[in-house]
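Peer 1: Task: produce atomic coordinates for the following.
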Amino acid sequence: MLNMPTLLRRAATVAGVLMIAFAASASAADILDDWATVKPPPRPELKPVTLEGSTTALLILDMMKAGCGARPRCVATIPNVKRLHDAARAAGVMVWYSLVGSNGMATPADVIDPGFMPRDGEWERQGGPDKFLGSNLEEKLKARGIKTVIVCGTSFQGVGIGTGSASAQRGYKVIVPIDCLSSEDPYMEQYAAWHLFKGGPAVVTSQVTLTRSAMVKF
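Peer 2: Coordinates of the predicted model:
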């Protein structure tokens with residue numbers, strides 16, 4: 001049996017260790033303390049992709065006159081989305097649009113550019129970042145036997161991450177042409193691209209390929 005002095009010494013030792021641990025945790029920096037010193041990771045690697053038109057869907061999300069038109073970075077993506085849209089149409093790719101704005105009464109005529117307006121049956125009024133929720137998107141993809149989706153639209157940190165992640169978690173390969181997605185500012189695009197490339201959960205990043213519109217072939 002331990003005598004009282006031994007017990008007291010051990011108790012004092014344990015108390016000292018706990019005090020040191022508490023002091024260390026209390027003084028540890030958090031991300032706000034480190035904010036100015038954090039360096040961005042290396043640029044993601046972009047890869048060319050060749051896709052089968054019959055099993056691919058192009059998603060053009062929330063690219064409306066009101067929202068996209070007020071964002072210079074979104075306006076800059078219009079030629080890239082148009083080029084990808086035209087190539088996809090020629091290859092027989094399924095095209096699907098989400099329409100937002102206009103107090104829930106958006107129509108195909110509200111899409112930012114008439115060169116890639118939806119056709120009948122290709123669109124749904126659907127807000128929020130995850131376009132699978134409350135829409136016919138999954139039904140449409142399954143009906144066409146789609147295996148790969150290309151995500152375009154605004155915002156990158158909204159529909160890009162939201163619908164891109166939701167697609168990956170449903171088992172679809174996800175193609176992210178970074179010049180066809182936009183945000184309110186460059187930092188939001190940067191962290192969205194990194195999240196989909198490497199920063200997000202493995203179930204997402206393992207299914208995502210970052211590319212540019214000119215690197216996509218059918």
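Peer 1: who are the neighbours in contact with the residue lying closest to Pro44 once chain neighbours are set aside?
Peer 2: The shortest distance from Pro44 to any residue other than its chain neighbours is 4.0 Å, reached at Phe197 (CB to CB, 6 or more residues apart in numbering). Where C-beta positions appear, they are placed from N, C-alpha and C, glycine not excepted. Neighbouring residues of Phe197 by CB atoms under 8 Å, 6 or more residues apart in numbering: 44-45, 205, 208, 210.
Peer 1: Quick one: residues contacting the spatially most central residue of the chain.
Peer 2: Against the mean C-alpha coordinate of the chain, by CA atoms, centre = their mean, the closest residue is Ile161 at 1.8 Å. Counting by CB under 8 Å, 6+ apart, Ile161 makes contact with 129, 192, 195-196, 200.
Peer 1: can those go into JSON lines with extra columns for distance to Gly121, secondary structure and pLDDT?
Peer 2: Listed next are the contacts of Ile161 as JSON lines, based on distance: CB to CB, whole Å; DSSP: H, G, I helix; E, B strand; the rest coil; pLDDT from 0 to 100:
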{"residue": "Pro129", "distance to Gly121": "23", "secondary structure": "coil", "pLDDT": "97"}
{"residue": "Ala192", "distance to Gly121": "30", "secondary structure": "helix", "pLDDT": "98"}
{"residue": "His195", "distance to Gly121": "32", "secondary structure": "helix", "pLDDT": "98"}
{"residue": "Leu196", "distance to Gly121": "29", "secondary structure": "helix", "pLDDT": "98"}
{"residue": "Gly200", "distance to Gly121": "32", "secondary structure": "coil", "pLDDT": "97"}
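Peer 1: from the residues you listed, which is closest to Ser167?
Peer 2: Checking the contacts of Ile161 against Ser167 with CB to CB, the nearest one is Leu196 at 10.6 Å.
Peer 1: and the closest one, how far is that from Thr50?
Peer 2: Distance from Leu196 to Thr50, counting by CB to CB, to the nearest Å: 20 Å.
Peer 1: A helix includes the residue nearest to Pro44, no?
Peer 2: Yes. Assessed by DSSP: H, G, I helix; E, B strand; the rest coil, Phe197 belongs to a helix.
Peer 1: Helices of this structure, start to end?
Peer 2: 4-27, 31-34, 65-68, 72-75, 78-90, 137-143, 161-169, 186-194, 202-205 (DSSP state H).
Peer 1: Having no further points to raise, I will conclude here.
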